[in-house]
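**Student:** pasting a predicted model and its sequence here:
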Amino acid sequence: MLETDLQLLARYTREHAEDAFAKIVRRHLDLVFSAALRQVRSPQLAEEVAQSVFTKLARQANGLAPDTILTAWLYKVTRCTAIDIVRREVRRQFREQLASELIAMNAISDDWTQIEPLLDDAMLALEDIDRTAVLLRFFENKSLREVGQALGTNEDAARKRVSRAVERLREFFVKQGASVSLGGIAVVISANAVQAAPAGLTVTISTVALTGTTAGAGTLTLLKTMAMTKLKVVVIGSLVAATVVLSVVTQHNANARIRTMSEAVLQQSKQIVQAETENQQLSNIIALAHDPSGNNQTGLRDLRDKAVALQKQTNDFAALQDQERRLQSSLAKAIEDLSGDTNSQSTVNSKTNELHARIFYAMDLASGAHGYAGNHDGQFPATCEEAAVYMSAEARKQTNFTPGQFEIVYHGTLEGIEQLAHPNRIILVKERQPKQNIDGKWVEAWADLRTVGRYYSPINGDFDSWRAQHVVS
């Protein structure tokens, strides 16, 4: 006769029969692993959850009630364990991100200027697998776990490989006369190595790559060259704008000169937008030149007329380069002058830390809300005070906030979450009132149904319209 789950558990606790416990594991492993995978979205983490669940079963086997249905018990413990592990992973990743942000805020602005002309040669000097690791980690900003998966190894091995590769990059830069720290290399490459391509470039490339070669080769070559010249202007302007944004964030209201230079860059940005429009026009004309309908002669005439009209504009490229260099130089000088303003930097760090503390507290309350639901037939609490009872002792002690400053937004059930297409977009806990950030914008901290912490700052200040899209009635 086939032994029941409780009979197997009883034999395991009474006789320490490992074969009995192994049968239970084989019988229920698929259920536990599948339930965990839906929660953590990672096979490795799902394995960790399953191992933890059956470890808890082994420890608590002799304390289960005689009428326990093991399938239901395992499912409930799996869910609670998965929530704890997801919360742990989110905290770890969030702290890594925060550390990177704080390092970036204090990074020397000259680092990228030093290593940019050397970066590709340094990357070429790396072994293939090391180069791949650096590309995945810093160019595509993937996690160490994702890097390990791509390389067919684990997170620890990926961390070591990336560290060795960064050290080799640093040695290369030092030999070429550039002085950058290991941490500085990682931050600078992550922030600058991959820039957003100009709007319209996708259309241009698609048009040129997919059409034939019926137009005159000389005319098309001229136009392609001019198009690339315009794109260079866009990229240069984007770099200037990115530099100004970084300096304004880190030195907000520190000196009026930054605002003055921002206005200058804004004027240049208008020229960049115009360049993008003209680049799109070039794409359309190239498509016309390749028109298979027989109107190529008309297309070529338009093409040549446009080429003549744009030839003069391309002569302004050198002037824009000079302007960009002057702006960069002035901006670097302003930042250098402001680098001693420790009070301003301290304010930035304080505001940043406060925002992250608010997000962490929202996550702790969300986790407590899940704990409440687990003990109340899956029903989430009505107030944050009820959720706070199920927060960890550490979370309750290490905070300057109170449950009354936050509110429960989702009042459904645990089962209801499974019916939602995107539970990570639905608010579970949020601040009652947004707070003003260092840059003057209003920011609201919240946590979603997966207990992942987030914050939101609408451009137009309209929180109500945004909340309506993230709340389930």
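**Tutor:** Cool, got the structure. Numbers count the residues shown, from 1 in each chain.
**Student:** helices or strands up against the helix or strand encompassing R159?
**Tutor:** Using DSSP states H and E, R159 falls within helix 155-175. Here helix 155-175 touches helix 110-125, helix 128-134, helix 144-151, helix 182-192, going by 3 or more CB pairs under 8 Å, 6 or more residues apart in numbering; DSSP states H and E. All C-beta spots, glycine's among them, are computed from the backbone N, C-alpha and C.
**Student:** low pLDDT regions in the stretch 101-250 of the chain?
**Tutor:** Within the stretch 101-250 of the chain, the segments meeting pLDDT under 70 span 101-111, 181-183, 196-250.
**Student:** try it again with 50
**Tutor:** Scanning the stretch 101-250 of the chain with the threshold set as pLDDT under 50 gives 106-109, 208, 212-220, 222-223, 225-227, 229-250.
**Student:** between the helices and strands packed on helix 155-175, which gets nearest to V53?
**Tutor:** helix 144-151 (21.0 Å; CB to CB).
**Student:** and that closest one with helix 155-175, angle?
**Tutor:** Helix 144-151 runs at 90 degrees relative to helix 155-175, counting by axes from the mean of the first three to the mean of the last three CA atoms, to 10 degrees.
**Student:** give the other helices and strands that helix 144-151 contacts.
**Tutor:** Judged by 3+ CB pairs under 8 Å, 6+ apart, helix 144-151 is in contact with helix 128-134, helix 155-175.
**Student:** a markdown table for those helices, including distance to A61?
**Tutor:** A markdown table is the format used below for those (distance: least, CB to CB, whole Å):
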| stretch | distance to A61 |
| --- | --- |
| helix 128-134 | 44 |
| helix 155-175 | 32 |
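**Student:** figure out which of those is closest to Q195.
**Tutor:** Comparing the helices and strands packed on helix 144-151 by CB to CB, helix 128-134 comes nearest, at 17.2 Å.
**Student:** counting by contacts, list what the closest one packs against.
**Tutor:** helix 110-125, helix 144-151, helix 155-175.
**Student:** in TSV: the ones you listed, plus distance to S392 and mean neighbour count.
**Tutor:** Below are the helices and strands packed on helix 128-134 laid out as TSV (distance: least, CB to CB, whole Å; neighbours: other CB atoms under 10 Å):
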stretch	distance to S392	mean neighbour count
helix 110-125	40	16
helix 144-151	25	19
helix 155-175	25	17
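**Student:** still on that earlier bit, quick one: which of the helices and strands packed on helix 144-151 is nearest L9?
**Tutor:** Closest to L9 of these is helix 155-175 (CB to CB; 34.4 Å).
**Student:** can you report phi and psi for F380?
**Tutor:** Phi and psi for F380, reported as degrees, to the nearest 10, are phi -70, psi 150.
**Student:** quick revisit: got the CA coordinates for the helix holding R159 in CSV?
**Tutor:** Only the C-alpha atoms of helix 155-175 are listed here, as CSV (Å, rounded to 0.1, in the frame of the first residue of the first chain):
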residue,chain,number,x,y,z
GLU,A,155,27.8,34.6,-9.8
ASP,A,156,31.0,34.2,-7.7
ALA,A,157,33.0,33.1,-10.7
ALA,A,158,31.6,36.0,-12.8
ARG,A,159,32.5,38.5,-10.0
LYS,A,160,36.1,37.3,-10.0
ARG,A,161,36.4,37.3,-13.7
VAL,A,162,35.0,40.9,-14.0
SER,A,163,37.3,42.0,-11.2
ARG,A,164,40.4,40.6,-13.0
ALA,A,165,39.3,42.2,-16.3
VAL,A,166,38.9,45.6,-14.7
GLU,A,167,42.3,45.3,-13.1
ARG,A,168,43.8,44.5,-16.5
LEU,A,169,42.0,47.6,-18.0
ARG,A,170,43.4,49.7,-15.2
GLU,A,171,47.0,48.4,-15.9
PHE,A,172,46.5,49.3,-19.6
PHE,A,173,45.3,52.8,-18.7
VAL,A,174,48.2,53.4,-16.3
LYS,A,175,50.7,52.4,-18.9
